[in-house]
Each structure stands twice: as C-alpha cells, then as structure tokens.
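In: Got a predicted structure plus its sequence, pasted below:
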Amino acid sequence: MAESPELTIFHLLREVTVEYGLRQGEFAARNGMHPTDVRALISLLDAERAGTDTTAGRLGERLGLNSAGTTAVVDRLAHLGLVARVRDTRDRRRVLLVVEERAKELGRAHFGPLIDGATALLGTFEEHEKEAVRRFLSGVRDLLGDTGEER
C-alpha cells in the first residue's frame, strides 16, 4: 500500500532532520563540543537574529535543561571562546549570553555550504512555493512546541 503524499513529505522531513543532526554531531566532535552545546549555540544565534536578549535561564528553558546543566553548557562554550557572559547595560543585575564571532566563523565554515546550497535551491522556487514551505515548516515547529509542553 502506497503512503499518502503528506506522509511521504513528513518522512522526507524526518530524513532531513536526521541528516542535519548528523552534521551537528560532526560539528560538535570537530570543535570539542557536546551536541547540546551546538543546540545552545543555535538557540543563541536564533535569539540574536530575532533581536532577543538571552540569559542563562532563558537558554535553559529553551533547551529543557536544569540550572546545573545550563551552567555546564555555558561554561563549556565560554571556555572554548564561543560565548561570552556580558552585563545587561539596561539592568546591571542581568547577565546576557552573547555568541562570539569565533563561533559564527566556525559555524559558517562547517554549515556554510549547506546554507548556501539550501538558499540557492529556494531561489529556484516561486514565491507561492516558498510561502508553502514556510507555512509547513512553521506549522511543524509549532506542533513540536505544543507536543513538548504536554510532556
């Protein structure tokens, strides 16, 4: 029995996430990091791109880590020179996490070809096709967030 087109697309998404996870693992191993460190960097870069300040507490919430686990991740990243702790200029009591340029350079060296290839591929899509991809991926992301809250 053939699967539905929707299920075929979902299985493709699953294949992509597995392959991307493997690339993240390679990046972590190559740079002396734990896979959680890579997820932390991605979360911090996403927050930076969105213009959102990130504290250790907020990072821990995003990654599902307790305080000790979050501290360990931030300590490892700081020790590697990939993340800095800086005082918030608006509230000196808060400490923000900032991704260092070195982390961005390492990420670009490893993931740059994938990013460039994916953006070039998307450049071949019509605008309505890109909107469909955006809507699908945003919807799946939201479903994952909803599922995570039920745990």
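Out: Thanks, I have it. Residues are numbered from 1 along each chain as shown.
In: hey, where'd the helices end up in this structure?
Out: Taking DSSP state H to define them, one finds helices in the chain at 5-30, 35-50, 56-63, 67-79, 101-123, 127-150.
In: Kindly reformat the ones you listed as CSV containing mean pLDDT and mean neighbour count.
Out: Any C-beta I mention is one placed from the backbone N, CA and C, and that applies to glycine too. CSV is the format used below for the helices of the chain (pLDDT from 0 to 100; neighbours: other Cβ atoms under 10 Å):
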stretch, mean pLDDT, mean neighbour count
helix 5-30, 96, 12
helix 35-50, 96, 18
helix 56-63, 96, 16
helix 67-79, 97, 16
helix 101-123, 97, 13
helix 127-150, 88, 10
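In: Pipe the ones you listed into a markdown table and attach distance to Thr89 per row.
Out: As requested, the helices of the chain are arranged in a markdown table below (distance: least, Cβ to Cβ, whole Å):
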| stretch | distance to Thr89 |
| --- | --- |
| helix 5-30 | 32 |
| helix 35-50 | 16 |
| helix 56-63 | 17 |
| helix 67-79 | 19 |
| helix 101-123 | 19 |
| helix 127-150 | 31 |
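In: out of those helices, which comes closest to Arg94?
Out: For the helices of the chain, distance to Arg94 was read as Cβ to Cβ. The smallest value, 9.6 Å, belongs to helix 56-63.
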